[in-house]
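# coords below, sequence missing:
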Ligand code: PMP
């Protein structure tokens, strides 16, 4: 049994339409998702009592479930309301929000789970910053991942499916063992793709350069930052970036709902310094989401 305490937090989790105590077990360990990976999730953030881009996150959740062949037995509006109700019940102003949809326990356990129930939960907890404030100001360090993002015909890259995180978690663990904060993943063709749970941006001569999101998640934060950059008159270039071009850039940062805008100071032997463009976009993002 785990002894981290995360399973015994106070408060409630919304499960299949009901708010149940956080520590109450819901499904059985022999649920289909535990064994065959049929589950999808979201990561939203609430700032000052409001969940940023809630509708967009919920629609991505429904699309992810559809891609994995699961029909969520609620409407998007019902899930949006459930997120709002759970936030209120938890009494949080600022929180990380984790909707999760999984293939449940069936009459037997085998690779097919087509007739198993589809369960939905919404949990939320206070998670101030993905990286420690110290790490954030100095910029985090990335090392190359052992695995590449699979080709679009090899895995459903548009789904935020738990199974796709296997290579991310392995890569992050290995990067941490080497003294890095996170791993930089390449795509199946060897281009720079993203970090293990965040998209990546670079600055070259005042322009913003970022990989084309056609084999990895086109993050909601990524799209927000592109819009903010354009509004601030910063040119945005979406293109293929080779590892050997990593020395061409002066600044680098990651974006994601959890990571927000996280400056990067190093990728393997390359060094970057958070400066004007990163700070400008970080502040614009905080202002937009209402982070105080
Ligand atoms: N890529 C991956 C693999 C992720 O897990 C995330 C976090 N959801 C992102 C990118 C960033 O997505 P978003 O900005 O929508 O949170």
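It's in. Please read these numbers as outputs of a predicted model, since none were measured by experiment.

# tell me the SS of residue 26?
The three-state label given to residue 26 by DSSP: H, G, I helix; E, B strand; the rest coil is coil.

# count of residues packed around it?
Using other CB atoms under 10 Å, residue 26 is surrounded by 14 other residues. Just so you know, the C-beta spots here come from the backbone N, C-alpha and C atoms, and that holds for glycine as well.

# what pairs with the residue lying closest to it once chain neighbours are set aside across the strands?
Nearest residue to residue 26 in three dimensions, chain neighbours excluded: residue 15, at 5.1 Å (CB to CB, 6 or more residues apart in numbering). As for beta bridges, residue 15 partners with residue 18, residue 121 under DSSP bridges.

# excluding chain neighbours, what is closest to residue 277?
Distances taken as CB to CB, 6+ apart place residue 203 nearest to residue 277, at 4.5 Å, with adjacent residues excluded.

# the one you found should be in a strand, yeah?
Yes: counting by three-state DSSP, residue 203 is found in a strand.

# wouldn't it be in contact with residue 250 here?
Yes: in this structure, residue 203 is within contact of residue 250 by CB atoms under 8 Å, at 5.5 Å.

# need the three-state assignment for residue 96.
Classified using three-state DSSP, residue 96 is strand.

# please determine how far residue 200 is located from the ligand.
With distances taken as CB to the nearest ligand atom, to the nearest Å, residue 200 is found 9 Å from the ligand.

# quick one: mean pLDDT for the helix or strand containing that residue?
Taking DSSP states H and E as the criterion, residue 200 maps to strand 199-204. Strand 199-204 comes out with an average pLDDT of 98.

# that strand - contacts with which helices or strands?
Where contact means 3 or more CB pairs under 8 Å, 6 or more residues apart in numbering; DSSP states H and E, strand 199-204 is packed against strand 192-195, strand 207-210, helix 220-231, strand 251-256.
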